[in-house]
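Asks: the sequence and its predicted three-dimensional model are supplied below.
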Amino acid sequence: MSTKTIVRIEHSSGLGIWQSNAYLNLSNVDSFVYRHKAFPSPKYDTPYLDRYKEDKEWFCAFKTVDQMSEWLTKEEVKEFIELDCSVICLEVSEWQEGKYQVLYTKESIVKCTNISDLFRN
């Protein structure tokens with residue numbers, strides 16, 4: 001079985017930073033939203049990523065910690081953690097990869113490691 005390691009910031013609800021609306025509570029929400037206008041939603045990524053492929057529910061993640069750091073400041077990551085989110089490293093067996101993000105199914109998670117402590121300092 002082939003697997004891929006990806007990174008996600010996930011709210012305690014199981015939703016990401018956008019669907020949970022956690023980003024609305026950031027101290028610099030306007031700057032965050034403005035910067036992310038350049039980050040396409042899955043359907044506008046290259047190639048097109050289908051959030052409902054094969055009638056499954058797909059979730060968004062970053063490709064790597066380095067890629068996450070290109071889009072989020074260290075302070076924003078700390079704030080997300082304070083807003084009941086976790087930074088998790090996932091090993092998944094089912095994914096769709098675009099230029100900007102990776103989609104995965106929760107059923108395909110082989111391993112999940114909470115790495116939030118790496119970002120608290």
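Replies: Structure's in. What do you need? This structure is a prediction, so every number in the text was calculated from the model and none was measured.

Asks: could you use CA atoms for every contact and neighbour count after this?
Replies: Noted.

Asks: and the helix or strand where E10 lies, average pLDDT?
Replies: Using DSSP states H and E, E10 maps to strand 4-11. For strand 4-11, mean pLDDT is 98.

Asks: likewise for stretch 41-56?
Replies: On average, stretch 41-56 scores 95.

Asks: mind listing what's buried in it?
Replies: Buried residues in stretch 41-56, counted by 16 or more other Cα atoms under 10 Å: 42, 45, 49-51.

Asks: could you do stretch 27-41 as well?
Replies: Using 16+ other Cα under 10 Å as the test for burial, stretch 27-41 gives F32.

Asks: that stretch: end-to-end distance?
Replies: End-to-end distance of stretch 27-41: 23 Å, with Cα to Cα, to the nearest Å as the criterion.

Asks: name the residues that touch that stretch?
Replies: Residues from elsewhere that reach stretch 27-41, judged by Cα atoms under 8 Å, 6 or more residues apart in numbering: 23, 71-72, 100.

Asks: follow-up on the earlier one: following the strand holding E10, which helix or strand shows up next?
Replies: Heading C-terminal from strand 4-11, the first helix or strand you meet, by DSSP H and E, is helix 29-35.

Asks: in its sheet, what does the very next helix or strand once past that following helix sit against?
Replies: Heading C-terminal from helix 29-35, the first helix or strand you meet, by DSSP H and E, is strand 58-61. Sheet pairing for strand 58-61, assigned by DSSP bridges, gives strand 102-105 (antiparallel).

Asks: give the buried residues for the partner strand.
Replies: Of the residues in strand 102-105, those buried by neighbour count under the rule 16+ other Cα under 10 Å are 102-105.

Asks: got the CA coordinates for it in CSV?
Replies: Backbone C-alpha positions of strand 102-105 (Å, rounded to 0.1, in the frame of the first residue of the first chain) are rendered in CSV as follows:
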residue,chain,number,x,y,z
VAL,A,102,-3.7,17.7,-0.9
LEU,A,103,-7.2,16.2,-0.3
TYR,A,104,-7.6,13.0,1.7
THR,A,105,-10.3,10.9,3.2
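
Asks: what's the offset of that strand from the middle of its chain?
Replies: Here strand 102-105 is found 9 Å from its chain centre; the criterion is Cα atoms, centre = their mean, to the nearest Å.
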